[in-house]
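[1] model the structure of this input:
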Amino acid sequence: MNGKQNSAGNRYWKSDLHTHTCASGHGTNDRITDLAKEAAKRRMELLGISDHGPASPGSAGLSYFRSLILCERRRFGIRLLYGAEADILDTEGNLDIPDDILNTLDYCIISMHRPIYTSGSAAENTKAYIRAMRHPNVKILGHCDDSRFPVDYRELVEAALSLGVTPELNNVSLLPDSYRKDCRTNAVRMLQVCETLSCPIVLSSDSHGREHIGEVAEAWKLMEELDFPQDLILRKL
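    Numbers count the residues shown, from 1 in each chain. A predicted model of the protein is given here:
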């Protein structure tokens with residue numbers, strides 16, 4: 001694994017594109033600077049800031065995302081990318097961040113969250129993801145492992161591959177106390193389809209604050225169990 005061993009026995013992945021600051025709410029007080037400092041301590045190389053879109057309760061307004069274009073590109077020796085985890089709003093694939101702002105970001109993760117998105121059938125949810133993926137700045141398909149939002153993984157991964165979007169293996173989803181439902185089973189299905197189709201994946205911590213950035217131990221363990229090819233792991237956008 002590409003990382004540094006820490007005292008807890010975890011490994012820090014060199015790049016982490018799914019992280020959250022205080023702008024996402026959720027109780028953390030950590031700013032971009034705090035995450036960058038921690039990334040430097042963990043000898044990471046690339047840190048992506050991807051706060052929740054404004055439809056998420058407690059998250060920042062559109063002005064925050066509009067201002068990210070002005071932020072420093074390197075802090076404490078860490079290369080920084082500025083994106084967003086945009087919420088899918090409906091089955092048409094509409095997002096809670098408008099195109100004029102998405103176009104200024106380095107990347108966009110798209111995800112489904114309650115109560116923002118009302119889940120439909122697997123066919124409806126899959127179409128919603130695919131429609132949202134058609135935006136040219138959408139680069140990552142966020143935690144599509146939650147059984148509360150069922151999908152057709154074959155159709156979803158085929159679309160992601162054709163549109164240049166990378167499915168995410170989300171470490172938080174695989175934790176024993178994850179609030180998402182049946183994620184391990186769905187992650188296995190997704191990884192099997194990705195291997196069959198030679199579709200790359202991205203490993204993400206989904207850390208809210210600095211505490212867990214770069215931590216992907218659960219994701220890595222699952223990949224090892226499945227003997228998932230390491231050459232299908234995306235290490236940079």
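[2] so residue 170 sits against residue 145, correct?
    Yes: counting by Cβ atoms under 8 Å, residue 170 does reach residue 145; the two are 6.6 Å apart. The C-beta positions use only the backbone N, C-alpha and C, and glycine is treated the same way.
[3] tell me, what's touching the two both at once?
    residue 183 (Cβ atoms under 8 Å, 6 or more residues apart in numbering).
[4] how about residue 218, nearest residue that isn't a chain neighbour?
    residue 174 (3.8 Å; Cβ to Cβ, 6 or more residues apart in numbering).
[5] go ahead and confirm residue 184 touches residue 174.
    Yes: the pair residue 184 and residue 174 qualifies as a contact (Cβ under 8 Å) at a distance of 6.0 Å.
[6] what touches both of those two?
    Residues touching both residue 184 and residue 174 (Cβ under 8 Å, 6+ apart): residue 222.
[7] okay, these two: which has more neighbours?
    Just comparing residue 184 and residue 174: by other Cβ atoms under 10 Å the higher neighbour count belongs to residue 174, 21 against 15.
[8] list the residues that contact that one.
    183-184, 187, 218-219, 222.
[9] for those residues, which one is nearest residue 228?
    residue 222 (7.9 Å; Cβ to Cβ).
[10] which helices and strands does the helix or strand harbouring that closest one pack with?
    Element membership for residue 222 (DSSP states H and E) is helix 217-226. In terms of contacts (3 or more Cβ pairs under 8 Å, 6 or more residues apart in numbering; DSSP states H and E), helix 217-226 is packed against strand 166-170, helix 183-197, strand 201-204.
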